[in-house]
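K.L.:
attaching a predicted model along with its sequence, questions to come.
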Amino acid sequence: MKKLILLLAGICMVFPATAQKKNFTYKFYGFVRGDLFYNTRVNMAPVDGNFYLYPLDKRPDADGKDLNAGPNGSFYTFTSRLGVDVTGPDIGTARSSAKIEVDFGGFSSSTTMLRIRSGRLFLFEQLRPPEGRRIFRLDCLQYHCGGHPLFGSVCPDILNLSTGAPFQPFNREPQIRYQYKVEDVKLTASALWQLQYLSSGPNGMSEEYIKNSCVPEFYVGADYASASGWLTGGGVHLISLKPRTSSVWNEKTYKVNERMTALSYEAHVKYTGRHFTFAAKSLLASCLDHTALIGGYGISSIDPDNGEQEYTPFWHSTSWINFTCGTKWKGHFFAGYTKNLGTADVLVSATVYGMGLDIDQLITVSLNVSYNLPHWKFGFEYCPATAYYGTTDLESGRIEQTHAITNHRILGLMMYYF
């Protein structure tokens with residue numbers, strides 16, 4: 001909190017001298033957020049437990065007691081946020097603007113470090129004179145406020161910081177995004193590079209797999225927004241990784257040319273009424289573990305001469321629904337479901353790369369209520385989640401002989417917006 005106050009003071013000292021530049025305007029925004037949570041067992045929950053995903057499997061000690069069965073909880077404010085929107089001079093009939101946004105969520109294992117949460121390095125909007133209707137928009141983004149394009153324009157309205165993950169894709173990546181709008185239809189195309197949210201591989205979570213690939217992630221999608229309050233759309237995502245560039249085989253090192261390429265598909269719908277909303281999204285997901293979804297890949301063949309490997313992705317069906325009603329007092333309901341559909345090819349090794357690949361099914365429900373005032377929000381959330389763990393069948397990639405693990409999470413939230 002002290003860092004946020006110092007940051008605000010520093011910006012206020014700097015910007016009065018620069019905010020008078022001709023044709024430039026600045027608008028500050030942000031919030032101070034406090035999260036108080038309690039869990040009945042240990043979970044997969046990065047950001048010091050704030051970013052809740054799913055309960056972890058049993059971890060027996062020497063006496064057979066489950067080390068993950070103990071409760072835990074804490075209170076944090078480091079997800080507080082500060083941003084500034086900058087509007088610059090027009091370029092002919094086009095508009096230019098920029099954005100920078102920071103929080104204290106840290107980077108890598110640090111959760112108390114100031115980081116760039118979102119930044120729009122350049123924005124170019126072409127207008128159709130004289131109506132002023134936007135016909136295309138080009139963004140060059142460092143992350144950005146909506147995150148990964150799979151996060152999209154439809155996301156759950158819940159209190160948990162994870163915003164619906166691991167059922168709703170969550171990721172912020174540097175990207176170049178192009179949008180074209182015709183009447184009620186908006187087309188989007190993005191090229192993305194990984195930085196903070198990383199794919200898994202032989203060396204753990206690393207940027208090197210997509211860097212060595214020299215192929216960014218690609219997304220293309222479309223949205224249709226009607227005047228009656230309906231929003232529908234869908235998209236296709238491609239990822240292509242190079243898990244290794246060398247192989248140690250029979251105590252010798254060989255240069256190898258390996259690649260793992262996978263496609264994912266998503267569809268979404270949302271209806272906004274006067275006092276309620278309904279939203280849903282479904283994905284046929286493949287290798288989206290870097291977007292906080294369950295997923296990854298395994299080894300489908302090994303060259304006996306040099307150890308070069310071929311890979312096959314796991315397929316997961318992931319869906320969620322969300323209802324909200326009310327304005328001042330708002331009720332929220334969220335339900336998410338993920339199912340492991342296995343792999344396209346036979347696995348030749350039990351070694352797999354990804355997140356949650358020993359889970360057959362994951363079911364999460366969230367019930368919460370919030371009290372909303374101008375600039376204030378107070379909320380309470382109860383979230384039971386059950387994961388069905390088991391062993392991987394190498395022939396199909398599916399999970400067998402499952403057992404259920406359940407966590408009950410309680411969250412208290414307070415926020416002040418400015």
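P.N.:
Looks like it came in fine.
K.L.:
right, and residue 298 touches residue 353 too?
P.N.:
Yes. With contact defined as C-beta atoms under 8 Å, residue 298 counts as touching residue 353 (7.3 Å). C-beta coordinates here come from the backbone N, C-alpha and C atoms, glycine included.
K.L.:
give me the most central residue, this structure.
P.N.:
With distances taken as C-alpha atoms, centre = their mean, residue 170 lies nearest the centre of the chain, 0.8 Å away.
K.L.:
contacting residues around that one?
P.N.:
Contact partners of residue 170, counting by C-beta atoms under 8 Å, 6 or more residues apart in numbering, are 147, 148, 151, 162, 163, 164, 197, 291, 292.
K.L.:
name the residues that touch stretch 340-352?
P.N.:
Residues outside stretch 340-352 that contact it (C-beta under 8 Å, 6+ apart): 294, 296-302, 312-317, 357, 359-361, 392-399.
K.L.:
quick one: it to chain centroid distance?
P.N.:
In terms of C-alpha atoms, centre = their mean, to the nearest Å, the gap separating the centre of stretch 340-352 from the centre of its chain is 24 Å.
K.L.:
pull out the buried residues from that stretch.
P.N.:
340, 341, 342, 343, 345, 347, 352 (16 or more other C-beta atoms under 10 Å).
K.L.:
stretch 349-365 too?
P.N.:
For stretch 349-365, the neighbour count (16+ other C-beta under 10 Å) marks 352-364 as buried.
K.L.:
of the contacts of residue 170, which pair is most distant in space?
P.N.:
The largest distance within the contacts of residue 170, taken as C-beta to C-beta, falls between 164 and 197 and amounts to 15.3 Å.
K.L.:
tell me, how many residues neighbour residue 85?
P.N.:
A count of nearby residues for residue 85, using other C-beta atoms under 10 Å, gives 16.
K.L.:
who's in contact with it?
P.N.:
26, 27, 29, 97, 98, 99.
K.L.:
please name the nearest non-neighbouring residue to residue 403.
P.N.:
Nearest non-adjacent residue to residue 403, counting by C-beta to C-beta, 6 or more residues apart in numbering: residue 389, 6.0 Å away.
K.L.:
so where is this structure shaky, pLDDT-wise?
P.N.:
For the chain, the stretches with pLDDT under 70 are 1-21, 93, 105-146.
K.L.:
show me where it has helices.
P.N.:
Applying DSSP state H to the chain gives helices spanning 2-18, 208-213.
K.L.:
which residue packs closest to residue 306, ignoring adjacent ones?
P.N.:
Once chain neighbours are set aside, the closest to residue 306 by C-beta to C-beta, 6+ apart is residue 254, at 3.9 Å.
K.L.:
same question for residue 264.
P.N.:
residue 237 (4.4 Å).
K.L.:
could you measure from that neighbour over to residue 287?
P.N.:
Separation of residue 237 from residue 287 (C-beta to C-beta, to the nearest Å): 10 Å.
K.L.:
any residues in contact with both of those two?
P.N.:
Here residue 237 and residue 287 share the contacting residues residue 264, scored by C-beta under 8 Å, 6+ apart.
K.L.:
is it true that residue 294 touches residue 355?
P.N.:
Yes. The pair residue 294 and residue 355 passes the contact test of C-beta under 8 Å, sitting 5.9 Å apart.
K.L.:
so what sits against both of the two?
P.N.:
Residues touching both residue 294 and residue 355 (C-beta under 8 Å, 6+ apart): residue 166.
K.L.:
around residue 98, how many other residues sit close by?
P.N.:
Residue 98: 17 neighbours (other C-beta under 10 Å).
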